[in-house]
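Asks: Quick one: sequence plus predicted model below, questions after.
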Amino acid sequence: MTTSVPFFPPDLFGDDKAVAIDIIRAAGTGSKQRFILGDAVLRLEQRIAQDTGAQHAIAVGSGTGALIVAVHALGIGPGDEVVVPAFSCQPVASVVANRGGIPVFADIDPRTLVLDPERTEQAVTERTVAAMPAHVFSMMADMPAFREIAARNDIRLIEDAAVAQGARLGGRAAGRWGDLGAFSFFQVKALGAIGEGGIILTDDEELADRCRALRNHGQRRRFVHEEIGYNNRMDEVLADFLVHRISQLQRRLDRRADIAAFYTERFEPLSERGLIPPPSGRDGRCYYVYAVLTDQRDDLRRHLSDHGIETHVYYPLPLPSQPAFARFGRGRRFPNAEAAGRRNLALPIWPELTDGDVEHVVDAVLEFFR
Ligand SMILES: Cc1ncc(COP(=O)(O)O)c(C=O)c1O
């Protein structure tokens with residue numbers, strides 16, 4: 001059967017493609033000829049600081065770039081341990097290892113799939129300098145618990161909010177719970193861009209100043225390199241496009257939330273048959289990805305494909321099982337992360353799905369478990 005409900009939107013930016021072309025033309029023909037770190041980047045930083053309540057927002061080259069700069073700005077270096085989730089996108093571990101630090105994996109909660117606070121605290125040693133919880137799929141990590149752990153153990157907190165633009169937990173914006181928070185603007189994120197982009201949030205002026213220098217080769221003044229930094233800067237075209245798109249973010253998130261609520265309401269009765277939807281509710285949710293859990297994941301995936309519905313399996317191999325990170329896993333097992341890799345199946349949730357598309361997905365899932 002041909003695909004009738006693709007996993008990603010076949011047309012990512014719709015009417016905004018015309019806006020993108022106007023922005024590119026304006027940047028290309030403008031008298032300033034400034035293509036990086038100019039007025040548009042400043043506008044984006046101010047807008048995101050205002051929307052989230054952060055004191056400082058520092059735009060960078062990607063979500064990974066945001067984490068690279070965050071880890072460096074906190075002074076994490078050789079031998080320093082950072083507790084990271086065993087089930088996540090790989091930058092949580094690579095950015096630590098690339099500074100000579102040691103990513104110490106901790107297992108996740110089996111239901112919410114985010115880093116487990118208790119296991120995080122158990123992984124803290126005298127060499128631990130930070131923890132890096134990441135929000136996963138549609139769930140924010142338990143940030144109040146992580147703040148307590150950080151305070152109790154005198155360690156820093158980096159909040160990987162790459163997937164959680166626009167999310168709030170108890171009224172506080174995602175990205176604002178750690179010493180530093182990071183968003184990604186990768187094209188399919190809730191606030192996606194026409195290229196790579198990311199941003200760092202912090203309320204700490206010194207950290208903000210260091211991040212600004214590090215993203216631009218360690219410069220505070222041109223051609224004066226106070227420390228070794230990176231080329232980790234944001235393009236003007238991208239920033240301008242994001243400023244335009246951000247006005248649609250809430251509407252797009254609301255539609256994602258409605259689709260998620262509909263799926264969850266219809267799937268909850270299937271839990272006795274082995275299908276576990278994400279927990280219902282809206283607080284601390286981001287709806288980047290909607291993933292169900294089932295032991296029959298591969299059969300369900302085939303069944304949905306036969307009905308023209310495309311699905312995705314995220315992180316089938318947890319990080320400690322990846323060749324690149326095996327040495328940091330030290331042969332330990334992470335049963336919840338392993339089960340998540342085996343059992344998760346992500347369903348389409350993009351905002352332009354029609355109600356008919358969403359009902360088609362629900363009907364096909366219900367038919368499988370009937
Ligand atoms: C949890 C998490 N952290 C970091 C990143 C990295 O972001 P980027 O792709 O913009 O480098 C991603 C990307 O998907 C992510 O999901």
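Replies: Yes, it's here. Computed from a predicted structure; not experimentally measured. Numbering: from 1, shown residues only.
Asks: Name the residue of the stretch 1-150 of the chain that lies nearest to the ligand.
Replies: Among residues of the stretch 1-150 of the chain, the one nearest the ligand by C-beta to the nearest ligand atom turns out to be G63. It sits 2.4 Å away. Any C-beta I mention is one placed from the backbone N, CA and C, and that applies to glycine too.
Asks: In space, what's closest to that residue - neighbours in sequence excluded?
Replies: S184 (2.5 Å; C-beta to C-beta, 6 or more residues apart in numbering).
Asks: Can you verify my assumption that G14 contacts P351?
Replies: No. G14 is beyond contact range of P351, at 10.2 Å (criterion: C-beta atoms under 8 Å).
Asks: can you pull out the helices in the stretch 51-200 of the chain?
Replies: 63-73, 91-97, 117-122, 143-153 (DSSP state H, counting those that start in this stretch).
Asks: Make CSV out of the ones you listed and add distance to F137.
Replies: As requested, these are exported to CSV (distance: least, C-beta to C-beta, whole Å):
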stretch, distance to F137
helix 63-73, 15
helix 91-97, 15
helix 117-122, 18
helix 143-153, 16
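Asks: just those helices: most buried one?
Replies: Among the helices of the stretch 51-200 of the chain, helix 63-73 has the highest mean neighbour count (mean count of other C-beta atoms under 10 Å), at a mean of 27.
Asks: Output the contacting helices and strands for that helix.
Replies: When contacts are defined as 3 or more C-beta pairs under 8 Å, 6 or more residues apart in numbering; DSSP states H and E, helix 63-73 sits against strand 56-60, helix 91-97, strand 156-160, strand 180-184, strand 198-202, helix 205-214.
Asks: pretty sure the residue of the stretch 1-150 of the chain closest to the ligand is touching V188, no?
Replies: No. Using C-beta under 8 Å as the test, G63 is too far from V188 to be in contact (12.0 Å).
Asks: At the contact with the ligand, which residues of the stretch 101-250 of the chain appear?
Replies: A134, D160, A162, V163, S184, F186, G198 (C-beta under 6 Å from any ligand atom).
Asks: so where is the protein shaky, pLDDT-wise?
Replies: 1 (pLDDT under 70).
Asks: got a list of contacts for the longest helix along it?
Replies: Secondary structure of the chain per DSSP state H: the longest helix is helix 249-267. Surrounding helix 249-267, the residues in contact under the criterion C-beta atoms under 8 Å, 6 or more residues apart in numbering are 138, 165-166, 190-191, 275, 277-280, 282, 285-287, 290, 292, 347, 349-351, 353, 358, 361-362, 365-366.
Asks: After it, which helix or strand is next?
Replies: Using DSSP states H and E, the helix or strand that follows helix 249-267 in sequence is strand 290-293.
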